[in-house]
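> just to be clear, the model below is a prediction. Sequence and coordinates:
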Amino acid sequence: QVQLVESGGGLVQAGGSLRLSCAASGLTFRNYAMGWFRQAPGKERELVAAITSGGYTDYGDSVKGRFTISSDNAKNTVYLQMNSLKLEDTAVYYCAGRRGRISYDERGYDYWGQGTQVTVSS
């Protein structure tokens, strides 16, 4: 049984940083692409960042240059380092996994975590 468990969310002031973690069990990272999505109130879920087992990464336009995705295959954990946070980064952040390549569509992911709230205040 696959489980993805996010942690690291919280309240931070604009301009600050947070690091999210997603610990995976029941899957092997070398066979999976992992993504971070977010959903703000009243908005659709959007891809924030994704990483393949080979280390290829891609980012949503709104976070490029501010967020960094990385993974530790030995720990089966993927991270999202978020710097220079803005008010509009406030959302529930979800970790997701799928076999093979990155998907830019949430429907391409088979496994999801429960989400972690990130709130950026002024």
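Happy to help now that I have it. Predicted model, so just to flag it, every value in this text is computed and none were measured.
> center of this protein, which residue is that?
W36 (2.2 Å; C-alpha atoms, centre = their mean).
> distance check, it against T52.
14 Å (C-beta to C-beta, to the nearest Å). Where you see a C-beta, it was placed from the backbone N, CA and C, and this is true even at glycine.
> next one: L18
L18 is 24 Å from T52, by C-beta to C-beta.
> higher neighbour count, these two?
L18 (21 against 17; other C-beta atoms under 10 Å).
> my read: the more buried one touches G10, true?
Yes - L18 lies in contact with G10 (C-beta atoms under 8 Å); the separation is 6.5 Å.
> list residues touching both of these two?
Both L18 and G10 are in contact with V118, where contact means C-beta atoms under 8 Å, 6 or more residues apart in numbering.
> report the contact partners of the residue nearest to S25 when sequence neighbours are not counted.
Once flanking residues are discounted, S25 sits nearest to Q3: 4.8 Å by C-beta to C-beta, 6 or more residues apart in numbering. Going by C-beta under 8 Å, 6+ apart, Q3 touches A24, S25, G26.
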